[in-house]
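1. return atomic coordinates for the entry below.
(one chain, ligands or ions: 2)
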Amino acid sequence: MHAIGPATRRAAGGELDELLSLWSTAMIVIDEDLCKGCAICSELCPSGVLGVSDALNAKGYYPPVVKKQRECHGCRLCELLCPEFAIFIVNEWVDDVAS
Ligand code: SF4
Ligand code: SF4
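-> Ligands and ions are numbered 1, 2, ... in the order given. Below is the predicted model:
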């Protein structure tokens, strides 16, 4: 377990807080070429994080795009509902780094 104290935060200025705010956000990974464009993920994301790309993937479908990365709270609903396993969330390591 790592700890980042107030002195370190002060020494690093705003840049560290900016980095930590990014780390506190789940990382959304999209394998565009597995996607079949059903839009379940973008329709059902409770935070409206995902939209639909205006570019076709290799199979001729419109994959999701991340519109509001910072709004993602890592619930994994998109990952669980995707029938093609084309989207997943990486967030386990965040707690370890930021706490
Ligand atoms: S993890 Fe949850 S909040 Fe984040 S993009 Fe997926 S459904 Fe939306
Ligand atoms: S749920 Fe999966 S297959 Fe459907 S649009 Fe999202 S990433 Fe593509």
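2. so where's this structure uncertain?
-> Across the chain, residues meeting the criterion (pLDDT under 70) sit at 1-25, 92-99.
3. can you list the residues of it near ligand 2?
-> Contacts of the chain with ligand 2, taken as Cβ under 6 Å from any ligand atom, map to 35-41, 63-64, 82-84, 86-87. Where you see a C-beta, it was placed from the backbone N, CA and C, and this is true even at glycine.
4. mark which of those are buried, thanks.
-> Among the residues of the chain next to ligand 2, those classed as buried by neighbour count (16 or more other Cβ atoms under 10 Å) are 35, 36, 37, 39, 40, 41, 63, 64, 82, 84, 86, 87.
5. would you list every one of the helices in this structure?
-> With DSSP state H as the criterion, the chain has helices at 6-12, 14-23, 40-44, 77-81, 92-98.
6. what sits up against the fourth one?
-> Think helix 77-81. Residues from elsewhere that reach helix 77-81, judged by Cβ atoms under 8 Å, 6 or more residues apart in numbering: 28, 40, 41, 44, 45, 46, 50, 64, 87, 88, 89.
7. the third one and residue 87 touch, don't they?
-> Same thing as residue 41. Yes. The criterion here is Cβ atoms under 8 Å, and residue 41 meets it with residue 87 at 5.5 Å.
8. what do these two both touch?
-> Taking Cβ under 8 Å, 6+ apart as the contact rule, residue 41 and residue 87 both touch 64, 78.
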